[in-house]
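**Q** Okay, here's the prediction I keep looking at, along with the sequence it came from:
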Amino acid sequence: MRLNLFILYSLFGVILYSNRANAQSDVLNIIPSGGRDAAKLMEAYLAPMGSGFALATGQNWFNTANSLKLLRFNVQVGASVVLINSNDKYFDPSTLNLQFLKPLGNNVNSVPTISAPFGAESPRWIRYDSIIYPNNEIKYVAIDTISSILTGLNLTNAYAPYAQVNLGLIKNTELNIRIAPTLDLATLNGGIIPDNFLKGKLSYWGLGLKHEVLQWIPVAKLLPISLSLYGNYSRINYALDVNVEGPSSNNFPKQLPFNLAVDSFRVVGSTDFSNQKLSINAESYSYGLVVSKKILMFTPYASIGIQSSKFGINAEGNYPIRSGYEVIPSRASYTEVWQSQSNPISIETKADNVLRMGLGLRVKFVLVSLHAEAFSLGDMRGFSGGLSLGF
């Protein structure tokens with residue numbers, strides 16, 4: 001159980017960091033003001049860490065081309081890190097085709113992502129709303145401004161710790177297993193995770209295979225090296241209950257720019273906002289070749305392959321979206337109109353068919369082995385390391 005807690009706690013260190021900075025609630029709270037614009041901003045803001053983390057989950061599956069003998073097994077623990085490119089620290093909102101949110105002030109074309117320096121602030125944002133006049137004329141007017149809603153958190157590296165069991169099968173084939181049960185992080189006490197510090201439910205699993213191929217080639221099997229085909233798949237799921245509140249009578253009446261008196265509100269659709277949930281998932285799969293050569297206690301290894309990954313964020317449930325203002329002729333005032341929208345955020349960041357190349361070294365001391373690897377994923381770089389205990 002303690003091992004599982006370590007795995008799950010470590011695997012989503014990025015979420016822990018984001019909770020500390022209130023990143024999740026800050027980003028989700030732009031939903032009422034932005035609607036579809038909020039989804040675009042969230043995607044641009046989280047994309048560097050999302051793609052980096054998804055790629056990192058697909059590392060550290062092997063440290064030699066040799067497969068374990070039949071029914072032999074070992075246990076591995078370790079971590080991988082993918083370095084976020086420096087050109088992914090800011091994004092240009094003018095490329096997002098925003099409709100209701102517009103940046104205001106300096107550097108409007110350079111908004112920080114989650115990987116920007118800590119404290120880097122975005123411009124203020126003007127929110128445009130539609131106003132329906134008595135003659136049914138609709139105008140879009142700048143109603144108010146929103147202070148910085150996207151700030152840099154200096155998350156320049158994407159980490160993915162792991163634990164893995166390897167089992168030898170027939171014909172020099174090896175099965176790799178990564179699995180941990182669904183864990184409710186809010187129930188972890190005893191100093192593992194502080195109370196009310198991180199909530200949500202987390203699960204993780206992965207499967208891999210490695211098979212030595214030189215045994216099937218009569219001449220090649222005499223070569224003093226080992227060569228294997230590998231393939232693997234891994235997935236992490238995270239779910240967090242959230243609370244984005246709808247309009248309240250306590251906020252009315254109120255006065256808006258242009259002498260607009262707003263004395264009431266109405267919600268179109270369901271007013272039940274109690275079922276909100278933030279879901280995050282990362283998955284990765286890869287395949288390729290790994291070659292190695294054992295020299296005493298040292299085993300250098302190299303690999304080349306293809307990796308694809310996907311990182312998704314979904315805001316599930318009903319959310320209040322402010323849609324505009326309607327005039328009430330009998331009272332010469334306006335009603336604030338809200339739409340109840342189901343599942344308003346669905347973001348998916350992909351990295352398909354990325355060339356992966358790696359170079360590593362394993363050092364074995366009887367039952368214990370240490371390994372380290374440097375790798376490239378397209379234009380990204382990373383490192384892996386770990387420890388194995390074999391039987």
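**A** Here it is on my side, so go on.

**Q** for the record, mean pLDDT for stretch 56-65?
**A** The average pLDDT within stretch 56-65 is 94.

**Q** how long is it from one end to the other?
**A** 21 Å (Cα to Cα, to the nearest Å).

**Q** which ones are touching N97?
**A** K40 (Cβ atoms under 8 Å, 6 or more residues apart in numbering). Where C-beta positions appear, they are placed from N, C-alpha and C, glycine not excepted.

**Q** From A44, how far out is it?
**A** 12 Å (Cβ to Cβ, to the nearest Å).

**Q** what ranges do the helices span in this structure?
**A** Using DSSP state H, the helices found in the chain span residues 2-11, 13-20, 23-28, 31-34, 36-56.

**Q** what's the neighbour count on the residue nearest to A44 when sequence neighbours are not counted?
**A** Closest residue to A44 apart from its sequence neighbours, by Cβ to Cβ, 6 or more residues apart in numbering: F91 at 4.4 Å. Neighbourhood size, F91 [other Cβ atoms under 10 Å]: 22.

**Q** again, but for S308
**A** 17.

**Q** ok, and the closest non-adjacent residue to it?
**A** Using Cβ to Cβ, 6+ apart, the nearest residue to S308 is D352, at 4.9 Å.

**Q** cool, and Y90?
**A** S110 (4.6 Å).

**Q** so what's that neighbour up against?
**A** 90-92.

**Q** Columns distance to V244 and pLDDT on top of those residues, output as CSV?
**A** Output for the contacts of S110, formatted as CSV (distance: Cβ to Cβ, whole Å; pLDDT from 0 to 100):
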residue, distance to V244, pLDDT
Y90, 27, 92
F91, 23, 93
D92, 27, 93
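
**Q** Just the closest of these to K210, please.
**A** F91 (38.9 Å; Cβ to Cβ).

**Q** Hmm, the closest one is touching T113, no?
**A** Yes. F91 is in contact with T113 according to Cβ atoms under 8 Å; the separation is 5.9 Å.

**Q** Quick check: neighbours shared by those two?
**A** In contact with both F91 and T113: 44-45, 47, using Cβ under 8 Å, 6+ apart.

**Q** What residues are bridge-paired with the residue nearest to A44?
**A** V111 (DSSP bridges).

**Q** Would you mind measuring from it to V108?
**A** On the measure of Cβ to Cβ, F91 and V108 end up 12 Å apart.

**Q** Quick check: the gap between the residue nearest to Y90 and S122.
**A** From S110 to S122 the distance is 9 Å (Cβ to Cβ).

**Q** next one: Q76
**A** 41 Å.

**Q** what about S67, how many neighbours?
**A** 24.

**Q** wait, what's in contact with it?
**A** Counted by Cβ under 8 Å, 6+ apart, S67 has contacts 168-169, 172-174, 210-212, 228.

**Q** Looking at those residues, which is nearest P247?
**A** So of those, ranked by how close each gets to P247 (Cβ to Cβ), first place is K210, at 56.8 Å.

**Q** What is the burial count for the closest one?
**A** 24.

**Q** pLDDT weak spots in this structure?
**A** Across the chain, the ranges flagged by pLDDT under 70 are 1-30, 32-35, 133-135, 139, 141-145, 147-149, 181, 185-199, 258, 331.

**Q** what sits up against stretch 292-303?
**A** 62-66, 224-226, 230, 288-291, 356-365, 373, 375.

**Q** Make a ChimeraX selection of the buried ones in the residues you listed.
**A** Here is the ChimeraX selection string for the buried members of the contacts of stretch 292-303, based on 16 or more other Cβ atoms under 10 Å:
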select :62,63,64,65,66,226,230,288,290,291,356,358,360,362,364,373,375
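
**Q** What separation do you get for the residue nearest the centre of the chain and S234?
**A** Most central in the chain under Cα atoms, centre = their mean is G50, positioned 3.6 Å from the mean C-alpha point. Separation of G50 from S234 (Cβ to Cβ) stands at 15 Å.

**Q** now S323
**A** Distance from S323 to S234, by Cβ to Cβ: 41 Å.

**Q** Pick out whichever of those two has more residues nearby.
**A** Applying other Cβ under 10 Å to S323 and S234 shows that S234 carries more neighbours, namely 26 against 17.

**Q** wait, doesn't the more buried one sit right on G206?
**A** Yes. Counting by Cβ under 8 Å, G206 is a contact partner of S234 at 3.1 Å.

**Q** overlap in contacts of those two?
**A** With Cβ under 8 Å, 6+ apart as the test, S234 and G206 both reach 57, 178.

**Q** rewinding a little: quick check, nearest of the contacts of S110 to A180?
**A** F91 (33.8 Å).

**Q** Contacts only, for that closest one.
**A** 44-45, 47, 110-111, 113.

**Q** again, only using 7 Å
**A** Listed by Cβ atoms under 7 Å, 6 or more residues apart in numbering, the contact partners of F91 are 44, 111, 113.

**Q** Grab the nearest non-local neighbour of L71.
**A** G168 (5.9 Å).

**Q** go on, D92?
**A** Closest to D92 by Cβ to Cβ, 6+ apart is N109, at 4.8 Å.

**Q** N74 too?
**A** G390 (3.5 Å).

**Q** rewinding a little: now the residue nearest to D92: how far from F365?
**A** 55 Å.

**Q** before we move on, the earlier item: okay, Q76 and S122: which has more neighbours?
**A** Neighbour count, other Cβ under 10 Å: between Q76 and S122, S122 has more, with 26 against 22.

**Q** Quickly list what the nearest residue to S264 once chain neighbours are set aside is bridged to.
**A** Leaving out its chain neighbours, the residue that sits closest to S264 by Cβ to Cβ, 6+ apart is T335, at 4.9 Å. Counting by DSSP bridges, T335 is bridged to S264, E326.
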